[in-house]
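In: Coordinates for the following, if possible.
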Amino acid sequence: MWLIGLLIFIGILLIIVEIIFIPGTTFVGIMGVLSVIGGVFMTYSEFGSDTGHWVLLGTGVAGGLLSIYAFQSKPWLKMANTDAIKSKVNTRDNLGLSVGEQGEAVSDLKPVGKALFGDMEVEVTTKGLFLEAGQSIEIISIESNKIIVQPLS
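Out: Below is the predicted model of the structure:
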């Protein structure tokens, strides 16, 4: 009898873990469902249909109550990253850069990378070119948040 109860209890817990912590159809959820089905089936086999019906009903009620409790306690919030990203994208207004300004690639531009204009390091992109770090570059256009550069010839 304790084996049947253990199978059903572990099955319900695995299903709740599947729903809350690792959503999607995974091994954990499948094992939980199989465990619950196995426990209920064993009850019908060993104790008859009357007891089997009661265990089936009890399993459904217990699973429902545990699911409600699990959703109300919000356990995923203890593991969730709730920090907000406070960094900003390059914007034309706050950079003060202009077309024709010259600088130097700080990282390889493949085609996106970092460049230094004066004492300001910004993210830049080329029109498909791959440039090495340290190469002199020039701004050829500024489109919304994108600074387009080309190598100085």
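
In: any idea how far stretch 123-138 is from the chain center?
Out: Here stretch 123-138 is found 32 Å from its chain centre; the criterion is C-alpha atoms, centre = their mean, to the nearest Å.

In: who touches that stretch?
Out: Contacts of stretch 123-138 with the rest of the structure, by C-beta atoms under 8 Å, 6 or more residues apart in numbering, involve 90, 100-115, 139, 146-152. Heads up, the C-betas are built off the backbone N, CA and C, glycines and all.

In: element containing the closest residue to residue 15 other than its chain neighbours?
Out: Of all residues not flanking residue 15 in the chain, residue 32 sits nearest, at 3.9 Å (C-beta to C-beta, 6 or more residues apart in numbering). Assigned by DSSP states H and E, residue 32 belongs to helix 27-73.

In: out of the contacts of stretch 123-138, which are buried?
Out: 90, 103, 105, 107, 109, 113, 115, 139, 147, 149 (16 or more other C-beta atoms under 10 Å).

In: just those: which has the poorest pLDDT?
Out: Least confident entry in the buried ones among the contacts of stretch 123-138, by pLDDT: residue 90, with 58.

In: Pull out the buried positions in stretch 61-73.
Out: 63, 70.

In: returning to that earlier point: looking at the contacts of stretch 123-138, which are in strands?
Out: Those of the contacts of stretch 123-138 mapping onto strands are 102-105, 112-115, 139, 146-151, per DSSP state E.

In: gap between the residue of the chain most remote from its centre and residue 39?
Out: Among the C-alpha atoms of the chain, the one most distant from their mean position (C-alpha atoms, centre = their mean) is that of residue 48, at 46.3 Å. Residue 48 is 15 Å from residue 39, where distance means C-beta to C-beta, to the nearest Å.

In: Next one, pLDDT for the closest residue in space to residue 56 that isn't next to it in sequence please.
Out: Of all residues not flanking residue 56 in the chain, residue 40 sits nearest, at 5.3 Å (C-beta to C-beta, 6+ apart). Looking at residue 40, its pLDDT stands at 88.

In: Surely residue 40 is in contact with residue 8?
Out: Yes: between residue 40 and residue 8 there is a contact under C-beta atoms under 8 Å: 6.9 Å.
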